[in-house]
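[1] requesting a structural model of the entry that follows:
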Amino acid sequence: MARQPGVILISAVISAVLGLTTGFLGGRLAAPPAPVAAPVAEAGAVMQAQDFQLVDQAGRVRGRLGVDAHGAARLTLFGPDGTLPRVSLAATPQGGAEMELGDGQHQNAVALKADQDSRNIALYHEGKLRLGLEVQKNGEAAVNLYDKDQRLITLGLTTQGDPHLTFYGEGYKAALDMVSKKNGDRSLNLLGKNGTPRVVLGLKNDQKAALGLFDHKGKTRVVLMDEPSLILLKEGKPVRTLP
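    As a prediction, this is how the structure comes out:
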């Protein structure tokens, strides 16, 4: 027996409704899709920037890492006030290295520098240089004492390892110099304002002693030797000799 057209139409509508309902319920009851994972940075990824800043909870800059105006890669750390640096570490474009430490009064306290020509350590008091240690490229080493940023005393070693002590006068020029050499020679030199020797007392390998007096131009005027003999000179030429 053939179906009536109305029955066929109702059956089609019911099937369509059931299909939509089943699809809707299936979508609601199905497992949710897996979340998409955020991209993970590749191992060895490089971050580049000209300046990094470290700030505290108040937003004050407490540290910086970057390249300064002179081309030096520099790490600077600031105190709680975030103003003047307390620590500064730098690699200069000339191949040297520098480190500076500040004190609680916002002044220099310690400075270390190393380059191709020398190694230096400087100690400050109230921002003024007081003590310096240095090693030169040729191997000479020295300890320098300062007052009011003027070098007053140097205790050093020559390239041959001979110790010497120098006192400085006005104009940063040597005024008194003492040398003790490994070969036994000793000398004490009193220098004029222009750096020329005026009085020289020497001992040659613990055997011969001599005293020399010089004019302001550095020319010998008197020589006293332990032979004994006293030589008087004028214009660098002997004029009288006493036994």
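[2] quick one: the helices in the protein, in order.
    Taking DSSP state H as the test, the helices found in the chain are 5-29.
[3] look up how far residue 55 lies from the most centrally placed residue in it.
    When the chain is reduced to its mean C-alpha position, the nearest residue by Cα atoms, centre = their mean turns out to be residue 98, at 1.8 Å. Residue 98 sits 25 Å away from residue 55, going by Cβ to Cβ, to the nearest Å. Every C-beta, even on glycine, is put in place using the N, C-alpha and C of the backbone.
[4] check contacts around the residue nearest to the residue nearest to the centre of the chain when sequence neighbours are not counted.
    Residue nearest to residue 98 in three dimensions, not counting chain neighbours: residue 90, with 4.7 Å by Cβ to Cβ, 6 or more residues apart in numbering. Contacts for residue 90 (Cβ atoms under 8 Å, 6 or more residues apart in numbering) come out as 68, 72, 73, 74, 75, 97, 98, 99.
[5] which of these count as buried?
    Among the contacts of residue 90, those classed as buried by neighbour count (16 or more other Cβ atoms under 10 Å) are 72, 74, 75, 98.
[6] wait, isn't residue 183 in contact with residue 206?
    No. Assessed by Cβ atoms under 8 Å, residue 183 is found out of contact with residue 206, at 10.2 Å.
[7] now the contacts of residue 90 as JSON lines including pLDDT?
    As requested, those are exported to JSON lines (pLDDT from 0 to 100):
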{"residue": "68", "pLDDT": "87"}
{"residue": "72", "pLDDT": "91"}
{"residue": "73", "pLDDT": "94"}
{"residue": "74", "pLDDT": "93"}
{"residue": "75", "pLDDT": "94"}
{"residue": "97", "pLDDT": "96"}
{"residue": "98", "pLDDT": "95"}
{"residue": "99", "pLDDT": "95"}
